[in-house]
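> okay, structure incoming, though there's no sequence with it:
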């Protein structure tokens with residue numbers, strides 16, 4: 001049997017929400033659809049889901065949309081782009097799906113036609129959308145909430161915003177990964193029961209380095225690693241808003257591939273990632289920060305990360321143990 005060396009981690013912040021349910025009626029009203037399809041003015045917004053503002057602040061329509069703080073916006077002048085945006089969002093609505101009982105909008109569309117304006121405040125994470133129609137004086141004519149739409153249109157909305165240099169608010173959870181950014185020196189030891197290597201007590205020790213940086217619109221972190229065994233690795237981390245889990249993919253120059261996911265245990269302050277490496281063996285790698293608060297979204301300059309991992313089969317038989325330490329390169 002060949003043994004793989006694994007260095008992996010992530011986290012999952014529990015969301016206080018009800019269990020997902022199926023949407024009952026997902027249809028944009030005829031009035032809202034007509035405005036969206038024939039808009040003479042069309043704006044796309046990036047919102048901050050952490051900024052639900054009070055009544056007084058809501059009056060500042062230059063910085064607030066439907067009660068949410070505006071991060072940035074762009075006017076979409078090209079007719080073909082408007083058409084694609086309207087069609088993509090409506091396709092998602094019709095497709096339907098499951099949703100969660102939360103609302104953290106990061107996108108909005110505002111379209112105007114013949115003196116009426118439709119505003120669509122969209123949460124792709126929870127799959128909720130608030131739609132309102134107002135007259136030229138700002139009086140609300142209609143309002144509806146749509147639940148359980150698909151999320152394919154998010155890529156198009158993000159592209160239009162990025163092309164206009166409008167900043168996007170990433171999911172709050174993904175910011176917890178930002179402390180990985182940088183270059184690190186690594187030390188890893190793998191111990192296999194009853195097998196002795198050059199490390200006292202049995203084991204194989206490697207050293208190396210990894211450089212981590214944001215990629216793909218800063219929705220993923222990519223790490224490029226090398227070690228003293230002349231192995232190269234490529235690793236990607238993200239927060240999966242659909243599965244509500246932190247995920248990691250690891251690719252090695254020798255051909256090994258891993259796909260891990262996991263969660264954060266607040267009581268023990270441990271992050272546990274689980275990865276099925278085949279042959280009935282589950283590798284669970286636990287990250288233990290040097291600072292108990294390191295893996296919160298508030299920490300951005302931690303210099304040390306430690307890992308402990310165990311690979312066991314379904315009967316609990318131990319196959320190998322990994323211990324790893326990352327030290328930030330100054």
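That came through fine. This one's a predicted model, so the numbers in the text were calculated from it and none came from an experiment.

> where are the low-confidence patches of the stretch 201-330 of the chain?
Across the stretch 201-330 of the chain, the ranges flagged by pLDDT under 70 are 201-203, 264-272, 276-302, 313-316.

> go with 90
Scanning the stretch 201-330 of the chain for pLDDT under 90 picks out the ranges 201-206, 212, 214-220, 229, 237-250, 252, 254-330.

> just the strands from it, written as ranges.
For the stretch 201-330 of the chain, the strands defined by DSSP state E, counting those that start in this stretch cover 204-215, 220-227, 232-240, 245-252, 257-265, 270-276, 281-289, 304-313, 318-328.

> mind putting these into JSON lines with distance to residue 27 and mean neighbour count?
The C-beta positions use only the backbone N, C-alpha and C, and glycine is treated the same way. Formatted as JSON lines, the strands of the stretch 201-330 of the chain follow (distance: least, CB to CB, whole Å; neighbours: other CB atoms under 10 Å):
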{"stretch": "strand 204-215", "distance to residue 27": "37", "mean neighbour count": "16"}
{"stretch": "strand 220-227", "distance to residue 27": "34", "mean neighbour count": "18"}
{"stretch": "strand 232-240", "distance to residue 27": "28", "mean neighbour count": "18"}
{"stretch": "strand 245-252", "distance to residue 27": "31", "mean neighbour count": "19"}
{"stretch": "strand 257-265", "distance to residue 27": "34", "mean neighbour count": "18"}
{"stretch": "strand 270-276", "distance to residue 27": "40", "mean neighbour count": "19"}
{"stretch": "strand 281-289", "distance to residue 27": "44", "mean neighbour count": "19"}
{"stretch": "strand 304-313", "distance to residue 27": "48", "mean neighbour count": "18"}
{"stretch": "strand 318-328", "distance to residue 27": "50", "mean neighbour count": "18"}
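
> tell me which of these sits nearest to residue 114.
Ranking these by distance to residue 114, with CB to CB as the measure, places strand 232-240 first at 41.5 Å.

> for residue 151, find the nearest of the strands of the stretch 201-330 of the chain.
Evaluated over the strands of the stretch 201-330 of the chain, closeness to residue 151 peaks at strand 232-240, with 11.6 Å, by CB to CB.

> need the contact partners of that closest one.
Contacts with strand 232-240, where a contact means CB atoms under 8 Å, 6 or more residues apart in numbering, come from 7-8, 10, 171, 173-174, 176-177, 180, 210, 215, 219-227, 245-253, 261.

> how much space separates the residue nearest to the spatial centre of the chain from residue 76?
Ranked by distance to the mean C-alpha position of the chain (CA atoms, centre = their mean), the top residue is residue 239 at 3.1 Å. Remark: distance between residue 239 and residue 76 (CB to CB, to the nearest Å) = 28 Å.

> likewise residue 155?
Distance of residue 155 to residue 76, computed by CB to CB: 16 Å.

> which one's more surrounded, these two?
Between residue 155 and residue 76, residue 76 has the larger neighbour count (other CB atoms under 10 Å), namely 20 against 12.

> what number of residues lie near the residue nearest to the more buried one when sequence neighbours are not counted?
Leaving aside its chain neighbours, residue 76 sits nearest to residue 42 (4.5 Å; criterion: CB to CB, 6 or more residues apart in numbering). Residue 42: 22 surrounding residues under other CB under 10 Å.

> cheers, nothing more for now.
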